[in-house]
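Asker: Provide a 3D model corresponding to the input given below.
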Amino acid sequence: MTRNLFKIHRGQKGITGLETAIILIAFVVVAAVFAYTALSAGLFSTQKGQEAVYSGLKEAQSTMELKGSVIAYKGDANIDNSVGKIEFTVSSVLNGEPIDLTPPYVLSSGNLTTSGLSNPTIISYTDDSVTITECAWTIDWVGYHSSDYILEDREKAIITVWLHHYDGSDWADGDNPPFLSTNTVDANDTFLLEVKGAAGAVLPIERTMPARLDTVMDLH
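Answerer: Now for the predicted structure:
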């Protein structure tokens, strides 16, 4: 009996210390690879999340907001007493990124002329009948100003959108673009202006004209 049991167990081998060490090292390496992969994915996700947050913050900081009322000015009899220009004031939100408000037009000796400058900010006009993709507009400033066309912290820019050409004394119809030619803004008409900076959200300004047009109208 003892001899037979010895024969049975004589051919079986036990696991050695070296083999155990190899198996443990393999487990450690595999676990390390998985841990590195998970950590890398987490860091990548965190980085992308930070980029999205910073991008959104910069987008918000590059956005303009309306300050005060929108003012409409009536033209003369040459254009049936319709609105000749619209004026509003803007500033940057969150006291954030500077915004380039270089205008496409300037008033020179009382006449409206092209500025000849590159203007990254575009203002469009839309109503039920017509769309002007790039309006003629000029800029002025109120209060603190650093003597350039960049809208910065604490500055307020007065933007005037010219729907019809102005020669210094009279309003007149213009040629599209950038002026209204056959269409006019009259009583009870609704229009939409969109101020589109190089960065940031679009600033929409939608107003409806009163039932009776005055020389100067506060559209609130």
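Asker: Now P103: closest residue in space that isn't a chain neighbour?
Answerer: Spatial nearest neighbour of P103, chain neighbours left out: I139 (4.6 Å); criterion: Cβ to Cβ, 6 or more residues apart in numbering. To be clear about C-beta, it is placed using only N, CA and C from the backbone, and glycine gets the same treatment.
Asker: One more: L203?
Answerer: V195 (4.1 Å).
Asker: Distance-wise, check the one you found relative to F88.
Answerer: Using Cβ to Cβ, to the nearest Å, V195 is found at 9 Å from F88.
Asker: go on, M209?
Answerer: In terms of Cβ to Cβ, M209 sits 15 Å off from F88.
Asker: And for A21?
Answerer: 78 Å.
Asker: So which of M209 and F88 has more stuff around it?
Answerer: F88 (22 against 19; other Cβ atoms under 10 Å).
Asker: Excluding chain neighbours, what is closest to the more buried one?
Answerer: V70 is the one closest to F88 (Cβ to Cβ, 6+ apart), at 4.6 Å.
Asker: Spell out which residues sit in contact with that neighbour, please.
Answerer: Counting by Cβ atoms under 8 Å, 6 or more residues apart in numbering, V70 touches 86-88, 205, 207, 218-220.
Asker: quick one on the thing from earlier: the residue nearest to L203 in helix, strand or coil?
Answerer: strand (DSSP: H, G, I helix; E, B strand; the rest coil).
Asker: how is the chain carved up into domains?
Answerer: Per automatic domain parsing, the domain ranges recorded for the chain read 1-61, 65-218.
Asker: Report the mean per-residue pLDDT for the first one.
Answerer: For domain 1-61, mean pLDDT rounds to 57.
Asker: One more: stretch 149-164?
Answerer: Averaging pLDDT along stretch 149-164 gives 94.
Asker: What distance separates the opening and closing residues of that stretch?
Answerer: 23 Å (Cα to Cα, to the nearest Å).
Asker: for it, which positions count as buried?
Answerer: Under the neighbour-count criterion of 16 or more other Cβ atoms under 10 Å, stretch 149-164 has 149, 151-152, 155-164 buried.
Asker: now swap in stretch 205-220 and tell me
Answerer: 205, 207, 209, 213, 217, 219.
Asker: Thought L151 was touching V142, still the case?
Answerer: No - checked against Cβ atoms under 8 Å, the pair V142 and L151 is beyond contact range at 11.9 Å.
Asker: All set now, cheers.
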